[in-house]
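Student: no sequence on this one, just coordinates:
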């Protein structure tokens, strides 16, 4: 049989779903009810949000205790250093992603164009933001601030993912994430809540404001706020992955359950 005749016949069979659709390869489409939000994707092209994992923070700091409240990371200011931390981890997670403009979700008492306070919510662009696997974190700032949890894909809303796109909870008590911010993402009003604008790892410098990457108790109300829930015990470097563990209450960024994690946003997806 000539190819000129066979090919049209096969095409007709395939389009009709015959011969197992001609052994077609599976498509990238998600199963019903789990569609990737418009603009997202699993190839990492829209990767624009993550919680810094404990592994990454230990690797970059060179210490099992992480950075503590001093986030300069070789830069002049704590905010610049924190942004560099985000950019470096993004590149580690997905080569090429570090070329985006990454910002740590941190507020500070000074550093704005007018010399005044810097608000975390003003640093991160306008959205939308997606995790490493293309799931929507929020469409815009209103979505970030609309409730105690961001208006995110249901699969990540209550356990915000790390740079690998994995739930960051990992079965340990690591909910605290440094922000120095109010629930609306603005400067908390106290330099002590920012570890001297993220330049000090001395325990007594202050008590940095933290949000919760996953709700400590219920998914709403106290214990659930992703931006600002309470202050950590101090600014020293330290890890405590059990709320009742040895580090609890010590003057460290991780003393109440964590390791001094950061939220990282790319200003454009």
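Tutor: Perfect, I can see it now. Everything numeric in this text was worked out from a predicted model, so none of it was measured.
Student: average model confidence for the lengthiest helix in the chain?
Tutor: In the chain, with assignment by DSSP state H, the single longest helix is helix 78-93. Mean per-residue pLDDT for helix 78-93: 98.
Student: for it, packing partners?
Tutor: strand 49-51, helix 54-61, strand 102-104, helix 195-198, strand 263-266 (3 or more CB pairs under 8 Å, 6 or more residues apart in numbering; DSSP states H and E). For every residue, glycine as well, the C-beta is placed using N, CA and C.
Student: return the most buried member of the ones you listed.
Tutor: Stretch with highest mean neighbour count among the helices and strands packed on helix 78-93: strand 49-51 (a mean of 30; mean count of other CB atoms under 10 Å).
Student: what mean pLDDT does it have?
Tutor: 98.
Student: and that strand, how far out from the chain's middle?
Tutor: 2 Å (CA atoms, centre = their mean, to the nearest Å).
Student: tell me which residue lies nearest the centroid of the protein.
Tutor: residue 50 (2.4 Å; CA atoms, centre = their mean).
Student: show me where the stretch 1-150 of the chain has helices.
Tutor: 3-15, 18-23, 54-61, 78-93, 141-145 (DSSP state H, counting those that start in this stretch).
Student: what's the longest helix of the chain in contact with?
Tutor: 47, 50, 52-53, 56-57, 60, 67, 70-75, 97-100, 102-104, 106, 108, 111, 118, 123, 132, 163-164, 194-199, 262, 264-266 (CB atoms under 8 Å, 6 or more residues apart in numbering).
Student: what is the least confident helix or strand in the protein?
Tutor: helix 3-15 (a mean of 38; mean pLDDT, DSSP states H and E).
Student: for the chain, give me the ranges with low pLDDT.
Tutor: 1-39, 218-221, 243-249 (pLDDT under 70).
Student: how does it look with 80?
Tutor: Scanning the chain for pLDDT under 80 picks out 1-43, 217-222, 243-249.
Student: strands of that one, start to end?
Tutor: According to DSSP state E, the chain carries its strands in the segments 49-51, 102-104, 129-130, 136-138, 176-178, 209-212, 230-231, 258-261, 263-266.
Student: any chance of TSV for these, columns distance to residue 83?
Tutor: Listed next are the strands of the chain as TSV, based on distance: least, CB to CB, whole Å:
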stretch	distance to residue 83
strand 49-51	14
strand 102-104	5
strand 129-130	16
strand 136-138	18
strand 176-178	13
strand 209-212	18
strand 230-231	23
strand 258-261	15
strand 263-266	8
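Student: nearest to residue 224, of those strands?
Tutor: Between residue 224 and these, the shortest gap by CB to CB is with strand 209-212, which sits at 6.4 Å.
Student: who does that closest one touch, helix- and strand-wise?
Tutor: strand 176-178, strand 230-231.
Student: can you give me how far that strand is from the chain middle?
Tutor: 13 Å.
Student: partners of that strand in the sheet?
Tutor: strand 176-178 (antiparallel), strand 230-231 (antiparallel) (DSSP bridges).
Student: for residue 240, find the nearest of those.
Tutor: strand 176-178 (9.0 Å).
Student: ok, and what's touching that closest one?
Tutor: 51, 69, 106, 198, 208-213, 226, 232, 253-254, 256-258, 260-263.
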